[in-house]
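Chemist: Fold the following, please.
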Amino acid sequence: MDLSKLKEDISKMVVLPLRLFNLEYLNENGTNYLRVTIDSDTDIDIDDIEALSNVINEYLDRTDPIDEEYVLEVTSRGIEREFSFDEAKDYLKEYILVKTYDQVQYGYLVKVDKSSISIKNNKNKIINIDANDIVLLRTAVKF
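Modeler: Here you go, the predicted model:
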């Protein structure tokens, strides 16, 4: 199986506002999965997942690119999604979680530069965090 060709073909099936985030073929607990992860700047609902799943299933049935048994899994990145420091500017003004080696902070991302980020926490205090100390960045849901 040519995974890069499969990824290229499937990416053409994903129509705006959706976009292909990742495609992977893996084995978990003895079951093979073709996992298609999509993303969007707008909300993704179950109808979007179902429609895309049907289109991809039809393509896979027609072309049969995988010799062994597998499960197709079409999913979104989810509401709380990890992102890298390099992607942080895309999340300005978003409510995020920042995990460092010794703390976890929640707040709105207000600034990103070459070596740090700044968040405004729930007490309206600006907290500067060095990029080298960051273990995890992800969007968060504020309750």
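Chemist: Pull out the buried residues from stretch 12-24.
Modeler: Buried positions in stretch 12-24, judged by neighbour count with 16 or more other Cβ atoms under 10 Å: 14, 18, 20, 23. C-beta: built from backbone N, CA, C; applies to glycine.
Chemist: Go through those and flag which are in strands.
Modeler: Among the buried residues of stretch 12-24, the members found in strands (DSSP state E) are 18, 20, 23.
Chemist: Verify the stated contact: the first one with residue 52.
Modeler: Which is residue 18. Yes. In this structure residue 18 lies within contact range of residue 52 using Cβ atoms under 8 Å: 6.9 Å.
Chemist: Quick check: chain neighbours aside, which residue is closest to the most centrally placed residue in the chain?
Modeler: Note on the chain: the residue nearest the mean C-alpha position is residue 77, at 3.7 Å, using Cα atoms, centre = their mean. Nearest residue to residue 77 in three dimensions, chain neighbours excluded: residue 39, at 4.9 Å (Cβ to Cβ, 6 or more residues apart in numbering).
Chemist: measure the one you found to residue 17 for me?
Modeler: Computed as Cβ to Cβ, to the nearest Å, the residue 39 to residue 17 distance reads 10 Å.
Chemist: which regions of the protein lie under the pLDDT threshold?
Modeler: The model of the chain has no residue with pLDDT under 70.
Chemist: any idea where the strands of it begin and end?
Modeler: Going by DSSP E, the chain shows strands at 18-28, 31-40, 71-76, 95-100, 104-112, 116-120, 126-130, 134-139.
Chemist: could you dump these to TSV with distance to residue 56?
Modeler: Listed next are the strands of the chain as TSV, based on distance: least, Cβ to Cβ, whole Å:
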stretch	distance to residue 56
strand 18-28	10
strand 31-40	6
strand 71-76	6
strand 95-100	31
strand 104-112	34
strand 116-120	36
strand 126-130	39
strand 134-139	26
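Chemist: wait, which of the ones you listed is closest to residue 3?
Modeler: Residue 3 lies closest to strand 18-28 among the strands of the chain, at 5.9 Å (Cβ to Cβ).
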